[in-house]
Structures are given as structure tokens and as C-alpha cells.
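Trainee: A predicted structure for the sequence below; I have some questions about it.
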Amino acid sequence: MAAVAAFEAGYGSRAAARRLGLPVRSVNSLYDRWVLHGKMALVARDRKSVYSWEFKRSIVARFLAGESARQLAAEFNFSSSDLVYSWVRVWRLAGDEGLRPKKRGRKPKTLIASLDQEGGARVVDAALIEENTRLKAQVAYLKKLRDLRDQGQG
């Protein structure tokens, strides 16, 4: 709140950071949001927004055509202009496919697809594979134990 008060008093982000003894990077980030939203920069949003691939692609195209990230963020009410920069960075690294939505969360553990000899897909339960591996190790251990016991008697 003190930083926002300093901004309203005419201080820039560096001057406000120096005045308050805060890191410049943090205050600069708040300053960018304050320029976009005013005092509402201090209010947390309820939930994270999800944007379509087409929307992200249009924002990237407009940025590459010369519009500033701050203008785009103000027009579409983004939390900060960093969102535009991150989409542009992803687009430059991975192209249009990088902007497509990705599945979130852990991959399902129960099913693993493998190919059988005819080339068709066969579904194998991962739990069975784990149990088989554990039982093989147990059998090998017991065989070794039996061999050691037999050597002691013979």
C-alpha cells in the first residue's frame, strides 16, 4: 500500500523502491500493474483466466505488428503485461503449437499402451508389471538364499 501511495505521489518504481527500502524488481512489477489497474492492482483476482489458442495467437500477432504489451494488457484487462511477453516467448520457441492448451496433472498410472507382434495396440496394467518385477526379484533372492544354505550343508 505504501508503494502505491508513493506512485500516486509521483514517484517512479525505482524511487519508490529506494524510498521504501524494497527490491526494485518487486516494486517495478507492482508499478506495471498499478499503471494498468490503479489501486485495483492490490486486489487479488478470484481465479486464473484461461484463454483460447486463437486469442493467444491474435495477441502475439498484434504484439509482433508493433503494439506494446502494456497497451494489450490494458485493453484486455490482463493482470500484467508479463502475460503477453510470456506468450510471445513461447511462440518464438515452439511456434503456434506452443500456445495450444496442454493437459495438466499426472499421467494415468493404470494403463500403459504397448504394441503386440501383430502391430495392434494391447493395454497392459502397470500394476501387474510392477508386481511381476517385484516377484522376480523375490524369487531370485530366495534362490540365492537356498544356494547359500545348500553350500553350507554340502
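Mentor: Right, received. Where do you want to start? All figures in this text were calculated on a predicted structure; none of them were measured in a lab.
Trainee: quick one: low-confidence parts of this protein?
Mentor: By pLDDT under 70, the low-scoring segments of the chain are 35-47, 108-124, 154.
Trainee: domain parsing for it?
Mentor: 1-44, 47-105, 111-153 (automatic domain parsing).
Trainee: For those, give me TSV that also has mean neighbour count.
Mentor: Backbone N, C-alpha and C define where each C-beta goes, glycine included. Output for the domains of the chain, formatted as TSV (neighbours: other CB atoms under 10 Å):
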stretch	mean neighbour count
domain 1-44	15
domain 47-105	14
domain 111-153	10
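Trainee: so what does the helix or strand harbouring residue 60 touch, helix or strand wise?
Mentor: Residue 60 belongs to helix 53-64 when assigned by DSSP states H and E. Judged by 3 or more CB pairs under 8 Å, 6 or more residues apart in numbering; DSSP states H and E, the packing partners of helix 53-64 are helix 69-76, helix 82-94, helix 96-99.
Trainee: Include distance to residue 56 when you put those into JSON lines, please.
Mentor: Below are those laid out as JSON lines (distance: least, CB to CB, whole Å):
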{"stretch": "helix 69-76", "distance to residue 56": "11"}
{"stretch": "helix 82-94", "distance to residue 56": "5"}
{"stretch": "helix 96-99", "distance to residue 56": "4"}
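Trainee: for the longest helix belonging to the chain, packing partners?
Mentor: Longest helix of the chain, by residue count under DSSP state H: helix 126-153. Contact here means 3+ CB pairs under 8 Å, 6+ apart; on that basis helix 126-153 packs against strand 111-115.
Trainee: and residue 71, how far is that from residue 34?
Mentor: Counting by CB to CB, to the nearest Å, the gap from residue 71 to residue 34 is 16 Å.
Trainee: quick one, which of the helices and strands packed on helix 53-64 is nearest to residue 60?
Mentor: With CB to CB as the measure, helix 82-94 is the member of the helices and strands packed on helix 53-64 nearest residue 60 (4.8 Å).
Trainee: Would you mind putting the CA coordinates of the helix holding residue 60 into CSV?
Mentor: Extracted in CSV, the C-alpha atoms of helix 53-64 (Å, rounded to 0.1, in the frame of the first residue of the first chain):
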residue,chain,number,x,y,z
TRP,A,53,-5.4,-20.7,-28.7
GLU,A,54,-6.9,-18.3,-31.2
PHE,A,55,-7.0,-15.5,-28.7
LYS,A,56,-3.4,-16.0,-27.6
ARG,A,57,-2.3,-16.2,-31.3
SER,A,58,-4.1,-12.9,-32.1
ILE,A,59,-2.4,-11.2,-29.1
VAL,A,60,1.0,-12.4,-30.2
ALA,A,61,0.4,-11.3,-33.8
ARG,A,62,-0.7,-7.8,-32.6
PHE,A,63,2.4,-7.5,-30.4
LEU,A,64,4.7,-8.6,-33.3
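Trainee: Fine by me, we can end here.
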